[in-house]
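>>> Any chance you can model this:
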Amino acid sequence: MTTLTIDLPEDVFPALRRAPNEFLQEMRIEAAAQWYDQQRVSQEKGAEIAGLSRAEFIDELARRRIQVVQVTFEEVMEEMHRAEIGEAR
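Modelled structure (predicted):
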């Protein structure tokens, strides 16, 4: 596992009313949720980044009103096309 060091002003933690370990966890969840919302990571990878189970990550996405299922119009059309081909056989 890679270790990342971030220098922050000492007054950040009291201002946010968070202990350093709570701040770190919040940052991981926030980053994972944002990257998932931007379709840069999967649910599985997002959960791993956030340090949560997949179910906990899905709950967190729902709490943040981020769509849990991300399917593009093209993916839906491809699936419909595959279904039509399957029915024609």
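
>>> so how many other residues sit close to I29?
Neighbourhood size, I29 [other Cβ atoms under 10 Å]: 21. Any C-beta I mention is one placed from the backbone N, CA and C, and that applies to glycine too.

>>> and it, what element?
For I29, the host element (DSSP states H and E) is helix 20-37.

>>> residues in contact with the next helix or strand after that helix?
The helix or strand immediately downstream of helix 20-37 is helix 43-50, counting by DSSP H and E. The contact list for helix 43-50 (Cβ atoms under 8 Å, 6 or more residues apart in numbering) reads 28-29, 31-33, 35-36, 41, 53-54, 56-58, 60-61, 68.

>>> Distance of the residue nearest the centre of the chain relative to E60?
The centroid of the chain falls nearest to A33 when counting by Cα atoms, centre = their mean (3.3 Å). Counting by Cβ to Cβ, to the nearest Å, the gap between A33 and E60 amounts to 6 Å.

>>> quick one: low-confidence ranges for the chain?
Counting by pLDDT under 70, the chain shows low-confidence ranges at 88-89.
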